[in-house]
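S.K.: pasting the sequence and the predicted coordinates here, then a few questions.
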Amino acid sequence: NAGVTQTPKFQVLKTGQSMTLQCAQDMNHNSMYWYRQDPGMGLRLIYYSASEGTTDKGEVPNGYNVSRLNKREFSLRLESAAPSQTSVYFCASSDIGTEYSNQPQHFGDGTRLSIL
Amino acid sequence: AQSVSQHNHHVILSEAASLELGCNYSYGGTVNLFWYVQYPGQHLQLLLKYFSGDPLVKGIKGFEAEFIKSKFSFNLRKPSVQWSDTAEYFCAVNARSGGYNKLIFGAGTRLAVHP
């Protein structure tokens, strides 16, 4: 059971370099999410995609862009990496929620990104 | 703005001790509440969830949580912890924005259980 697959697992970048983090899910979920996890701050939502063809900003979108390539794939791009973007990045997916119900999210294993 | 507050950032217990992790939220609408667990080096996994009905929710691995609407709380409990419960625990609440539900996470509580 693959679930949510993220690549790469580790990456070191220099300031100013660009990079795309890949995420794919095989659960036929409509909604996908990108979070960053920093010590003492929990998970913060960067961008999300409620369904194929739509993307929206989350809590901390600055410096990032996303692409919902198809129903399975949701990529996160850093155009010009900065040291403040050093973090662990998690992708997640879920069934689409309703007005009164939020479906549990399934998480990938994360990408540890260090920017020097 | 919606927020989730976890009172304890670090908790250290001995095996067989009882556990209670606090979680309070601020959100005026209908809530869905979750506890996630992250074992060292792993991704987040759903521990339990509350949508409606019985406010005492039972999850995996002997964990339970009680939703107290009047206190805006959803505390996590376990009667007797094991070394394998060493992990970071996150409380999360749904937040409705722009016609869509999103999860707001607390900062997390690191639990260390000593043999």
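M.R.: Done, it's in. Numbers count the residues shown, from 1 in each chain, chains lettered A, B, ... in the order given.
S.K.: from here on, just use CA atoms for contacts and neighbour counts.
M.R.: Noted.
S.K.: and the residue nearest the centre of chain A, which helix or strand is it part of?
M.R.: For chain A, the residue sitting closest to the mean C-alpha position, by C-alpha atoms, centre = their mean, is residue A:34 at 2.2 Å. Element membership for residue A:34 (DSSP states H and E) is strand A:31-38.
S.K.: what's that strand packed up against?
M.R.: Here strand A:31-38 touches strand A:42-49, strand A:74-78, strand A:87-94, going by 3 or more C-alpha pairs under 8 Å, 6 or more residues apart in numbering or on different chains; DSSP states H and E.
S.K.: any weak-confidence spans in the chain?
M.R.: Defaulting to chain A. Applying pLDDT under 70 to chain A picks out residues A:1, A:96-103.
S.K.: not quite, I wanted chain B
M.R.: Residues of chain B that meet the criterion pLDDT under 70 lie in B:1, B:95-101.
S.K.: and chain B, which residues reach chain A?
M.R.: Contacts of chain B with chain A, taken as C-alpha under 8 Å from any C-alpha of the partner chain, map to B:9, B:30-32, B:34, B:42-46, B:49, B:51, B:90, B:94, B:99-102, B:104-108.
S.K.: just to revisit the earlier point, okay, the helices and strands packed on strand A:31-38, which one's buried deepest?
M.R.: Ranked by mean neighbour count, those are led by strand A:87-94 with a mean of 25 (mean count of other C-alpha atoms under 10 Å in any protein chain shown).
S.K.: angle of it against strand A:74-78?
M.R.: Here strand A:87-94 points in a direction 160 degrees away from that of strand A:74-78 (axes from the mean of the first three to the mean of the last three C-alpha atoms, to 10 degrees).
S.K.: who touches strand A:87-94?
M.R.: Strand A:87-94 is contacted by residues A:4, A:6, A:23, A:25, A:29-38, A:103-114, B:43 when judged by C-alpha atoms under 8 Å, 6 or more residues apart in numbering or on different chains.
S.K.: with adjacent residues omitted, what lies nearest to the residue in chain A positioned nearest to chain B?
M.R.: Nearest to chain B in chain A, going by C-alpha to the nearest C-alpha, is residue A:42, at a distance of 3.8 Å. Computed as C-alpha to C-alpha, 6 or more residues apart in numbering or on different chains, the closest residue to residue A:42 that is not its neighbour in sequence is residue B:107, at 3.8 Å.
S.K.: repeat that for residue B:59.
M.R.: The shortest distance from residue B:59 to any non-neighbouring residue, by C-alpha to C-alpha, 6+ apart, is to residue B:48 (4.5 Å).
S.K.: which element is that neighbour on?
M.R.: Assigned by DSSP H and E, residue B:48 falls in strand B:44-50.
S.K.: check contacts around the residue of chain A closest to chain B.
M.R.: Neighbouring residues of residue A:42 by C-alpha under 8 Å, 6+ apart: B:90, B:105, B:106, B:107, B:108.
S.K.: do any residues in stretch A:44-54 lie close to chain B?
M.R.: Yes - counting by C-alpha under 8 Å from any C-alpha, chain B is contacted by stretch A:44-54 at A:44, A:50.
S.K.: list the contacts for residue B:15?
M.R.: Going by C-alpha under 8 Å, 6+ apart, residue B:15 touches B:80, B:81, B:82, B:83, B:113, B:114, B:115.
S.K.: for PyMOL, what selects the buried ones among these?
M.R.: A single PyMOL command selects the buried members of the contacts of residue B:15 (16 or more other C-alpha atoms under 10 Å in any protein chain shown):
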select buried, chain B and resi 81+82+113
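S.K.: that'll do, ta.
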